[in-house]
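> Okay, structure incoming, though there's no sequence with it:
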């Protein structure tokens, strides 16, 4: 097989890793303060949890290094892997610091990942709270052939359909990239519409509502009308919530379309044309009938992309699930959809 894995995590193990790629003033400032990096990815996926990080992938108790990722995630069945670095620059309030660290992460990705293995592609890290500066960072590195996507956390200060993000989306489209909205984020506002939860399980379960809000915003505020060639991938969003959301969105649009006259087609049509989802985590009962039902309700064999979420622990065998689908659809999910979507 020539599988394309659209969701392989490459995480910055420590802020010192970025020192070779940071201006001297920032290295000096970091060395003289207690700052050890932005919001930790570890808060959502603790590296000592077997569910968050596969035990065999740990390096010195933390996330896998480049050599381990290549060895374990790029097996004989994987033709290409698309990296997703979730370094939390969105959590920083100092705009200059957010820009400097995003630049350093991208230079680190180029030097230690993309230029080392031609089977890797990656996602540009940007400060989404600063759309103009995010666009400038996209312009700076987008010509590197290894970058195929821009990484955007699902949680944001404003919904991504808001027009303040137009400079960011314009840069994404101009460079023929994909906007990758991924699980998580730390913008400083509550992770639920009713305030701060007590436990992580509340935030984890509620993340599908965050993805749904971003989807609703992008369609309702006319982002896809403003940028007709824009492509957006939902990374680790789950799948089971989307069919019912599209049904409700279409229903309410019929009643309220006078408020958004630029939305000229049913919202589900925009979603099917402009959005894709990674296959994992497959949050549908692992039964053939349920799998086929959700797949049919999505209404397109093009919408799903294979993504392992490495080094996250898989629950079940994805090949079993793909085996329940028509052969042509399963083949598209393994590789063809990603080749078309990411222009590979």
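Alright, I've got the coordinates. Because the structure is predicted, anything quoted here is derived from the model rather than measured.
> Off-centre distance for the longest helix seen in the chain?
If you go by DSSP state H, the chain has its longest helix at helix 200-220. The chain centroid and the centroid of helix 200-220 are separated by 13 Å, computed with CA atoms, centre = their mean, to the nearest Å.
> what does the next helix or strand after that helix contact?
As assigned by DSSP states H and E, the chain's next helix or strand after helix 200-220 is helix 223-226. Helix 223-226 is contacted from outside by 160-161, 165-166, 169, 217-218, 230, 262-264, 270, 273-274, using CB atoms under 8 Å, 6 or more residues apart in numbering. From N, CA and C alone the C-beta is placed, and that goes for glycine too.
> show me what contacts residue 90?
Listed by CB under 8 Å, 6+ apart, the contact partners of residue 90 are 38-39, 98, 127-129, 153, 156, 185-187.
> residue ranges for the helices of the stretch 101-250 of the chain, please.
Listed in chain order, the helices of the stretch 101-250 of the chain (DSSP state H, counting those that start in this stretch) span 131-141, 166-174, 200-220, 223-226, 241-256.
> How much space separates residue 134 from residue 264?
29 Å (CB to CB, to the nearest Å).
> More neighbours: the two, which one.
Ranked by neighbour count (other CB atoms under 10 Å), residue 134 and residue 264 place residue 134 first, with 28 against 11.
> isn't the more buried one right next to residue 127, touching?
Yes: the criterion here is CB atoms under 8 Å, and residue 134 meets it with residue 127 at 5.6 Å.
> what sits opposite the residue most central in space within the chain in the beta ladder?
Nearest to the geometric centre of the chain sits residue 182, at 3.0 Å (CA atoms, centre = their mean). Note on residue 182: beta-bridge partners by DSSP bridges are residue 153, residue 235.
> Make 544 the starting number, not 1.
From this message on, residue numbering opens at 544, which makes the last subject residue 725.
> list the contacts for it?
Residues in contact with residue 725 (CB under 8 Å, 6+ apart) are 627, 629, 694-697, 778-779.
> Give me the distance between it and residue 702.
Residue 725 is 16 Å from residue 702, where distance means CB to CB.
> where in the stretch 744-887 of the chain is pLDDT low?
Within the stretch 744-887 of the chain, the ranges that satisfy pLDDT under 70 run 857-859.
> Which residues are in contact with each of residue 677 and residue 670?
Joint contacts of residue 677 and residue 670 (CB under 8 Å, 6+ apart) are residue 645.
> where along this structure do the strands fall?
546-552, 621-627, 663-668, 690-696, 721-725, 775-778, 818-821, 847-848 (DSSP state E).
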